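[1] predicted model and sequence below, questions to follow.
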Amino acid sequence: MKRLINRQPSSVTRAFLGILPLVLALLVYQWGSTVRKAENPQDKLLPGFVEIHDAMERMALTPSKRTGELLMWEDTKSSLKRLVSGVAIAAAIGLTVGLLTGAIPLFGASLTPVITVISLIPPMALLPILFIVFGIGEVSKVVLIVIGVAPFLIRDLYQRTCELPREQLVKSMTLGANSGQIIFRVLLPQILPRLFASVRLSLGAAWLFLIASEAVASTDGLGYRIFLVRRYMSMDVILPYVAWITLLAFLIDCLLQQGSKRLFPWYHAAK
């Protein structure tokens, strides 16, 4: 008898098992909504799927009477612009500082303690300071994402650089490579795929900082819209917005994963 721990699902079974929890969650939600509506037809906590559809049609397909814009798509565009800018800057900082501190001991001895201290500061505690220094415009929101994500990327890539086999460096120096050649031709190609993995792990935190900054001070964005309509208990807007944010995060994660596989097939083949 084949042990359960050794049984591998087929592709069809894997897809079914992946979809099953989502279907069950929707069924449980529909049951809860039906029960609450039976007790109080005006209940707003668990709106029905018809109400959610009507709200999304109003937000995504009907131009705003005030601005003439499709609010959901404008919010999405604004949020994605801030998210991509913040994560890209954080990734550039994380790659540069993490690689240099891991490759050059003098840099590591100087910067590692400072980076450790910075990584322990709760980024949300800095939000009022960022608004005072940079104002309530786009810069403060992007900076919050950078401050929240960059220290994690730096520390992770520093550790990854230190874990690379020392024998590679010895062989490179034996062949006459200088420090720059070792960094750019030996270490950097091996760290780049790890950068993609680190960015994927930090996306959840990046979304958190984005939504928080938009909720506090913004005039558009997904986080702004959620916190704007909460005062009216508009769960028919809040719930699909949360689902939309989750879907966007999932798609970005898949895009990074596929991009890494295409750019660094040797790395994933080894895994």
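    That came through, no problem.
[2] okay, stretch 40-51 in CSV with CA atoms only?
    Extracted C-alpha coordinates of stretch 40-51, given in CSV (Å, rounded to 0.1, in the frame of the first residue of the first chain):
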residue,chain,number,x,y,z
ASN,A,40,-32.7,41.9,8.4
PRO,A,41,-33.1,42.6,4.7
GLN,A,42,-31.2,45.9,5.2
ASP,A,43,-28.1,44.2,6.6
LYS,A,44,-24.9,45.6,5.2
LEU,A,45,-22.3,43.4,6.8
LEU,A,46,-22.6,40.5,4.4
PRO,A,47,-24.1,41.8,1.1
GLY,A,48,-25.3,39.3,-1.4
PHE,A,49,-23.5,38.7,-4.7
VAL,A,50,-26.2,40.7,-6.6
GLU,A,51,-25.4,43.7,-4.4
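[3] now what about that stretch, what contacts it?
    29-30, 32-34, 36-37, 55, 233-236, 239 (CB atoms under 8 Å, 6 or more residues apart in numbering). Yep, even glycine has a C-beta here, placed from its N, CA and C like the rest.
[4] out of those, which is most surrounded?
    Highest neighbour count within the contacts of stretch 40-51: residue 236, with 23 neighbours (other CB atoms under 10 Å).
[5] go ahead and confirm it touches residue 57.
    No - judged on CB atoms under 8 Å, residue 236 makes no contact with residue 57 at a distance of 10.8 Å.
[6] could you tell me which residues touch both of these two?
    In contact with both residue 236 and residue 57: no residue, using CB under 8 Å, 6+ apart.
[7] so which elements touch the helix or strand containing residue 207?
    Per DSSP states H and E: residue 207 is located in helix 188-216. In terms of contacts (3 or more CB pairs under 8 Å, 6 or more residues apart in numbering; DSSP states H and E), helix 188-216 is packed against helix 71-103, helix 127-134, helix 138-163, helix 222-229, helix 235-263, helix 265-270.
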